[in-house]
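K.L.:
I'd like to go over a predicted model; first the sequence, then the structure.
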There are 2 protein chains.
Amino acid sequence: MSLSCATCPVRDRAACAVLDEAERDELARVGRTRKLSKGETLFAAGESGAACATLKSGALKITATDIDGRERILSLVHPSGFVGEMFAPYMRHDVVALGESELCVFSGPAFADAIERYPRLAQALLRRTQEDLFASRELLALTGNSSAEQRVAGALLSMARAASDSPCHPATRFDLPLSRGELADMLGLTIETVSRMLTRFERDGAIRREGKRGIELIDPALLPLS
Amino acid sequence: MSLSCATCPVRDRAACAVLDEAERDELARVGRTRKLSKGETLFAAGESGAACATLKSGALKITATDIDGRERILSLVHPSGFVGEMFAPYMRHDVVALGESELCVFSGPAFADAIERYPRLAQALLRRTQEDLFASRELLALTGNSSAEQRVAGALLSMARAASDSPCHPATRFDLPLSRGELADMLGLTIETVSRMLTRFERDGAIRREGKRGIELIDPALLPLS
DNA sequence: CGGGGCGTTGACATTGGTCAAAATATGTGG
DNA sequence: CCACATATTTTGACCAATGTCAACGCCCCG
């Protein structure tokens, strides 16, 4: 299926937004859209061949699986985000849909070619990759130092920020994009510990839970920040 | 001090290696070399103004400090590595020399201008930043999941690999670039735990310690990998 | 010779993991 | 819409791994 940039929900936020119309049409010709449902795999670690994609809607997780089969979430991808390997000969991590998702997928060589041709695209991706790098380091800082309490609190705030339209102030009411198990995998904890911390925060009056995924921030100041 | 690329030890590995001689001379004109000794700060978190640098020799650490004053090492930088912010208006992390180091430093705007002018430079930095991103995720995977034993073992192997000339096989004998405290900060452990794990590995015959920093890998297969 | 930094070791307390079971949601077929 | 089956989450009891505190040893440097 070829791409229809005209109706793309992220057309002015994604990396390709820096291209002019003619360039974008050209790029669109070498890409295809793909829809994934919850749990479907976009890329599998070890898979040979370079490929990459821009997320139009939904959410993805980037994960690594260690020898014992335990999964670690390395990053979340939100709409307009970019994933994949333009250069490497194989995929280093798994990329899996957290919910119904829609993407533009490109082969590595085709996209590498576009980068050669459109210098602005390379610059845009450079900025984006630097942002990803800082996000990764933020997660590293969150998980490395702190207690389980601080990690869960930090993850809540980070997700409240991601759920808000205005990037500076966190949303008051939002839905967690992750299950307890996924949250645990992201923070290097167990399901039980995550559950206990949420219970504790609710008991302390910092949050209120609505169903499995709903969170209302009642008093963020009560969350034990790192 | 202006730059002397002719004698640069990383002239064909650093990002600027993709430039031709005329371009590199031009870039050299807007940069200056700087020498740091152990513990000196190159960039401080929060510092306003964008700046970046290529490491010519020595080693750096990129760190974040949490509210309690505890330091977390987010990344190590080896020669030919690139650090800093070309785009952001302030520095997000501290960058500190681990030992005597020599760098090429550029102001953010000057370097951003070079990126505009030399598309190949943007591409080279994109690759490099992606590598940094994967390195960061590798550290995330290392620290997130595993036991203290696995973390220290993983760090040892990672440093043995970094110390080796051939990137595939780890060096047998090398010096840790970090003190016990820094190793602990990088792995999210305490000094005491790191020390205990090293003692355990030596008792099990996996390694031998020589002085404070020296490590000889006797039987890497005995290290409990994740 | 004395002092300070760094590393090691030991005793003990605490956090968070493990195992098990109950409670709550979610889905499915009738 | 209900009843049942399944998956997810919560809770509790227990225990091991690791952090904390304290003491000691080693080495470098004055």
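P.N.:
Nice, I can see it. Numbers count the residues shown, from 1 in each chain, chains lettered A, B, ... in the order given.
K.L.:
mind listing what's buried in stretch A:103-120?
P.N.:
A:103-108, A:110-112, A:114-115, A:118-120 (16 or more other C-beta atoms under 10 Å in any protein chain shown). The way it works is simple: take the backbone N, C-alpha and C, and place the C-beta from them, glycine included.
K.L.:
closest one of the residues you listed to DNA strand D?
P.N.:
DNA strand D has its nearest neighbour among the buried residues of stretch A:103-120 in A:L103, at 23.2 Å by C-beta to the nearest atom of the strand.
K.L.:
distance of the nearest residue to the closest one once chain neighbours are set aside from DNA strand D?
P.N.:
In space, A:L103 comes closest to A:A53 once its chain neighbours are excluded; the distance is 4.5 Å by C-beta to C-beta, 6 or more residues apart in numbering or on different chains. Separation of A:A53 from DNA strand D (C-beta to the nearest atom of the strand, to the nearest Å): 25 Å.
K.L.:
what about the host helix or strand of A:A53, average pLDDT?
P.N.:
Element membership of A:A53, judged by DSSP states H and E, is strand A:51-57. Mean pLDDT, strand A:51-57: 96.
K.L.:
how far off strand A:51-57 does the helix or strand following it point, in degrees?
P.N.:
Counting by DSSP H and E, the element after strand A:51-57 in chain order, helix or strand, is strand A:60-65. Put simply, strand A:60-65 runs at 130 degrees to strand A:51-57, going by axes from the mean of the first three to the mean of the last three C-alpha atoms, to 10 degrees.
K.L.:
show me what strand A:60-65 is packed against.
P.N.:
strand A:71-77, strand A:94-97, helix B:119-145 (3 or more C-beta pairs under 8 Å, 6 or more residues apart in numbering or on different chains; DSSP states H and E).
K.L.:
let me see the mean pLDDT of the last one.
P.N.:
Mean pLDDT, computed over helix B:119-145, is 95.
K.L.:
look up which residues are beta-bridged to A:T65.
P.N.:
In this entry, A:T65 is beta-bridged to A:E71, by DSSP bridges.
K.L.:
and the gap between it and B:R128?
P.N.:
Look at A:T65 and B:R128: by C-beta to C-beta, to the nearest Å, they are 27 Å apart.
K.L.:
okay, the two: which has more neighbours?
P.N.:
B:R128 (18 against 15; other C-beta atoms under 10 Å in any protein chain shown).
K.L.:
show me the contacts for the more buried one.
P.N.:
For B:R128, the contact set (C-beta atoms under 8 Å, 6 or more residues apart in numbering or on different chains) comprises B:A15, B:G81, B:F82.
K.L.:
and for A:V105?
P.N.:
When the contact criterion is C-beta under 8 Å, 6+ apart, the partners of A:V105 are A:G31, A:R32, A:T33, A:R34, A:L42, A:A51, A:C52, A:A53.
K.L.:
out of those residues, the closest to A:S136 would be?
P.N.:
A:S136 has its nearest neighbour among the contacts of A:V105 in A:C52, at 17.2 Å by C-beta to C-beta.
K.L.:
the closest one: how many residues sit nearby?
P.N.:
23.
K.L.:
and if you look at A:L27?
P.N.:
A:L27 is flanked by 23 other residues according to other C-beta under 10 Å.
K.L.:
then the one 10 residues further on?
P.N.:
With neighbours defined by other C-beta under 10 Å, the count for A:S37 comes to 10.
K.L.:
please name the nearest non-neighbouring residue to it.
P.N.:
Of all residues not flanking A:S37 in the chain, A:E100 sits nearest, at 5.6 Å (C-beta to C-beta, 6+ apart).
K.L.:
and for A:G154?
P.N.:
Nearest residue to A:G154, sequence neighbours excluded (C-beta to C-beta, 6+ apart): A:L142, at 4.6 Å.
K.L.:
what about stretch A:208-226, near DNA strand C?
P.N.:
Yes. Against DNA strand C, stretch A:208-226 shows contacts by C-beta under 7 Å from any atom of the strand at A:G211, A:K212.
K.L.:
just the buried residues of that stretch, please?
P.N.:
Neighbour-count burial for stretch A:208-226 flags A:I215, A:L217, A:L223, A:P224, A:S226 (criterion: 16+ other C-beta under 10 Å).
K.L.:
can you pull the contacts of the third one?
P.N.:
Read it as A:L223. Shown in contact with A:L223 (C-beta under 8 Å, 6+ apart): A:A153, A:L156, A:L157, A:F201, A:A206, A:I207.
K.L.:
nearest to A:E21 among the residues you listed?
P.N.:
Nearest member of the contacts of A:L223 to A:E21, counting by C-beta to C-beta, is A:L157, at 39.4 Å.
K.L.:
torsion angles phi and psi at that closest one?
P.N.:
Backbone torsions of A:L157, given as degrees, to the nearest 10, read phi -60, psi -40.
K.L.:
so who does it touch?
P.N.:
Residues near A:L157 by C-beta under 8 Å, 6+ apart: A:P170, A:P220, A:L223, A:L225.
K.L.:
from A:R200, how far out is the closest residue to the first one other than its chain neighbours?
P.N.:
Across the structure, with C-beta to C-beta, 6+ apart as the measure, the residue nearest A:P170 apart from its sequence neighbours is A:A160 (3.5 Å). To A:R200, A:A160 is 18 Å away according to C-beta to C-beta.
K.L.:
what about these two, which has more around it?
P.N.:
Using other C-beta under 10 Å as the criterion, A:A160 and A:R200 rank with A:A160 on top: 21 against 16.
K.L.:
hang on, the earlier thing: which among the contacts of A:V105 count as buried?
P.N.:
Buried by 16+ other C-beta under 10 Å: A:G31, A:T33, A:L42, A:A51, A:C52, A:A53, out of these.
K.L.:
from those, which is closest to DNA strand C?
P.N.:
After measuring the buried ones among the contacts of A:V105 against DNA strand C - C-beta to the nearest atom of the strand - the closest member comes out as A:L42, at 21.7 Å.
K.L.:
at which residues are the helices of chain A located?
P.N.:
Taking DSSP state H, the helices of chain A run over residues A:21-29, A:108-117, A:119-145, A:148-163, A:180-187, A:191-203.
K.L.:
redo those helices as a markdown table? Include distance to B:A59.
P.N.:
Converted to a markdown table, the helices of chain A look like this (distance: least, C-beta to C-beta, whole Å):
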| stretch | distance to B:A59 |
| --- | --- |
| helix A:21-29 | 40 |
| helix A:108-117 | 31 |
| helix A:119-145 | 18 |
| helix A:148-163 | 29 |
| helix A:180-187 | 30 |
| helix A:191-203 | 36 |
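K.L.:
show me what from chain A comes close to DNA strand C.
P.N.:
Looking at DNA strand C, the residues of chain A close enough under C-beta under 7 Å from any atom of the strand are A:S147, A:A148, A:E149, A:G188, A:L189, A:T190, A:E192, A:T193, A:G211, A:K212.
K.L.:
now the first one: closest residue in space, sequence neighbours ignored.
P.N.:
Sequence neighbours aside, A:P224 is the residue nearest to A:S147 in space, at 7.7 Å (criterion: C-beta to C-beta, 6+ apart).
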